[in-house]
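Peer 1: My questions are about this predicted structure, shown below with the sequence.
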Amino acid sequence: MNQQLFGYRRENGKVGIRNHVIILPVDDISNAACEAVAKIIPGTLALPHAYGRLQYGEDLALHFRTMIGTGCNPNVAAVVVIGIEENWTKIIADGIAATGKPVASFSIEGFGDLEIIRRASWKAKEFVQWASELRREPIELKDLTVSIKCGESDTTTGLGSCPTVSQAVDRLVDAGATVFFGETSELTGGEHLIADRMATPQLREQFLDMYQAYVGIIKSQGVDLLGSQPTQGNIAGGLSTIEEKALGNIAKTGTKTVIGLLKPAEMPQNGAGLYFMDSSSAAAECVTLMAAGGAVVHFFPTGQGNIVGNPIEPVIKVTANPKTAASMSEHIDVDVKGLLSREINLTQAGDMLMDYMCRVVNGRMTCAEALGHREFSMTKLYPSA
Amino acid sequence: MHKFLIHHKGDHVGVAVQDIAAGETVIGVFMDDESTIEVRAKNAVPLGHKIAIAPLEPSKSVLKYGIPIGYSLTALEVGDYVHTHNIKTARW
């Protein structure tokens, strides 16, 4: 890995690897206006989603954190925020503006869609032209925040693609980068392994509380996850139990000490290193939360072939399953099936992934980007009022 | 050429890295020390699915990665296909 890396250094010093101008709806009913602006001004990206009305308490806090975090992500150059009313729209726009990046906000009440689309399009045009003159500059690995999460796992994930990601995680942390992992319920059976890697006894206790709280929510529904965890796809791929799935999942987290715990979509405050983010294990939700936490590139090991992408964070797919590598090749960025046939070793697989990541940092589109996968999925904690 | 891999010495199961036919005698490699084991498959085991490499009584912890991944619902014999029909999570 001798490539010089180039990225976009933002106003607050954070480094991005993409240069998006996003049109961000505060709520579901503002999607139409955002999508209209993105149609009128090529080069902008609307991020429609399903929520944002009558949420309250921690669920509302998570909504704001996800919206603000998405706008703050260093892969985003500038943001147009559109909401139905002024107050929540302003909360989100102000939260993003704290980064110093250009933000404009519009509320639809009292004006209607057509007038707001007109006004927002003028601003979007200005932002897109401004962003088009930003230039990549030399950056280092330590400037990157990387997220990891696997999906449609099978036994080949634990044998090949997750240990490959593990190699990259250790190298990135050694280089001074920041890495997030999460998937709280998918640690079941190996939660003690993660607890043992917490930096302090207090952190260990907080982590176990976080884990028990998540499992407690599941149990409070009066059901278990038999049939959901592992998923039907996992079972078809040979995984028999949640413990087996968890141990494969954990195989991607490297060997480093966990220096901090993050709420969903929370940005790290303790400097560089490895963090655990309390999160769903559903692919699009998890990547959305991690991007909102500031991750600029994602490693996604898959066995049976998950196809997820994210609108602002490039997702790199890694598989060791030779059938998936052949039958779904358009989705696979890094093919490490040679680990199963033992034609390559883990160090070589780690080299392949790091080399590919560097190309993606420097601008190569991932398979998910080229195929237009832009899943933006908000996590909802409980029903709206 | 090996047809399955075992994560850890002492595990009860290995993972097929190619489709294995019923009755086939296949070689497995232990990933922690590169040693090999030969097993006659009693059932077909598709790529990614598990084959028993050690006998196990019912209701015992099944080890993979050197860690329990659940417990046996029936007795397991060497060469058995191991999946949801004969092992179960200990968690739910």
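Peer 2: Received it, and whenever you're ready, just let me know what you need.

Peer 1: The host helix or strand of A:His298: partners in the sheet, and parallel or antiparallel?
Peer 2: Using DSSP states H and E, A:His298 sits in strand A:297-301. Next to strand A:297-301 in the sheet, as set by DSSP bridges, lie strand A:145-148 (parallel), strand A:315-319 (parallel).

Peer 1: Quick one: mean pLDDT for the last one?
Peer 2: Strand A:315-319 comes out with an average pLDDT of 98.

Peer 1: For chain B, list the residues in contact with chain A, please.
Peer 2: By the rule Cβ under 8 Å from any Cβ of the partner chain, the part of chain B lying against chain A is B:2, B:5, B:7, B:15-17, B:29, B:31, B:46-50, B:64-65, B:67-70, B:82-84, B:87-92. Just so you know, the C-beta spots here come from the backbone N, C-alpha and C atoms, and that holds for glycine as well.

Peer 1: redo that, cut-off 7 Å
Peer 2: With Cβ under 7 Å from any Cβ of the partner chain as the criterion, chain B meets chain A at residues B:5, B:15, B:17, B:29, B:47-50, B:64-65, B:67-70, B:83-84, B:87-92.

Peer 1: circling back: output the strands paired with strand A:297-301 in JSON lines, with mean neighbour count and distance to A:Asn75 appended to each entry.
Peer 2: Shown next, in JSON lines, are these (neighbours: other Cβ atoms under 10 Å in any protein chain shown; distance: least, Cβ to Cβ, whole Å):
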{"stretch": "strand A:145-148", "mean neighbour count": "27", "distance to A:Asn75": "10"}
{"stretch": "strand A:315-319", "mean neighbour count": "28", "distance to A:Asn75": "12"}
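
Peer 1: tell me the contacts of the residue nearest the centre of chain B?
Peer 2: In chain B, the residue lying closest to the centroid (Cα atoms, centre = their mean) is B:Val13, at 2.3 Å. Counting by Cβ atoms under 7 Å, 6 or more residues apart in numbering or on different chains, B:Val13 touches B:Lys50, B:Ile51, B:Ala52, B:Ile53, B:Val62, B:Lys64, B:Val82.

Peer 1: now do 10 Å
Peer 2: Going by Cβ atoms under 10 Å, 6 or more residues apart in numbering or on different chains, B:Val13 touches A:155, A:240, A:244, B:4, B:6-7, B:28, B:49-54, B:56, B:62-64, B:69, B:76, B:80, B:82-83, B:87.

Peer 1: A:Val21 too?
Peer 2: A:38, A:41, A:43-45, A:76-80, A:102, A:123-132.

Peer 1: Now intersect those with the strands, please.
Peer 2: Counting by DSSP state E, the contacts of A:Val21 place A:Thr44, A:Leu45, A:Val76, A:Ala77, A:Ala78, A:Val79, A:Val80 in strands.

Peer 1: Model confidence for residue 68, exactly?
Peer 2: Chain wasn't specified; assuming chain A. 98.

Peer 1: was after chain B, sorry
Peer 2: Here, the pLDDT recorded for B:Pro68 equals 95.

Peer 1: what's the helix or strand for it?
Peer 2: Per DSSP H and E, B:Pro68 falls inside strand B:67-72.

Peer 1: who does the following helix or strand past that strand touch, helix- and strand-wise?
Peer 2: Note on strand B:67-72: by DSSP H and E, the next helix or strand toward the C-terminus is strand B:81-82. Here strand B:81-82 touches strand B:13-16, strand B:50-52, strand B:67-72, going by 3 or more Cβ pairs under 10 Å, 6 or more residues apart in numbering or on different chains; DSSP states H and E.

Peer 1: Could you grab the helix/strand/coil label for A:Val179?
Peer 2: At A:Val179 the chain is in strand, as set by DSSP: H, G, I helix; E, B strand; the rest coil.

Peer 1: Just list whatever residues bridge to it.
Peer 2: With DSSP bridges applied, the residues forming beta bridges to A:Val179 are A:Val146, A:Leu274.

Peer 1: What separation do you get for it and A:Met290?
Peer 2: Counting by Cβ to Cβ, to the nearest Å, the gap from A:Val179 to A:Met290 is 10 Å.

Peer 1: between these two, who's got more neighbours?
Peer 2: Remark: of A:Val179 and A:Met290, A:Met290 carries more neighbours, 29 against 26, as counted by other Cβ atoms under 10 Å in any protein chain shown.

Peer 1: joint contacts of A:Val179 and A:Met290?
Peer 2: A:Thr145, A:Val146, A:Ser147, A:Ile148, A:Tyr275.

Peer 1: Report the contact partners of the fourth one.
Peer 2: Think A:Ile148. A:162, A:165-166, A:168-169, A:172, A:179-183, A:249, A:252-254, A:274, A:286-287, A:290, A:295, A:298-301, A:316.

Peer 1: hang on, the earlier thing: please convert the ones in strands among the contacts of A:Val21 to CSV, extending it with pLDDT, neighbour count and distance to A:Pro201.
Peer 2: Formatted as CSV, these follow (pLDDT from 0 to 100; neighbours: other Cβ atoms under 10 Å in any protein chain shown; distance: Cβ to Cβ, whole Å):
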residue, pLDDT, neighbour count, distance to A:Pro201
A:Thr44, 98, 24, 48
A:Leu45, 98, 17, 44
A:Val76, 98, 30, 38
A:Ala77, 98, 22, 42
A:Ala78, 98, 23, 44
A:Val79, 98, 31, 41
A:Val80, 98, 32, 46
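
Peer 1: Excluding sequence neighbours, find me the nearest residue to the spatially most central residue of chain A.
Peer 2: Nearest to the mean C-alpha position of chain A, by Cα atoms, centre = their mean, lies A:Val287 at 2.7 Å. Among residues not flanking A:Val287 along the chain, A:Asn310 sits closest, at 4.7 Å (Cβ to Cβ, 6 or more residues apart in numbering or on different chains).
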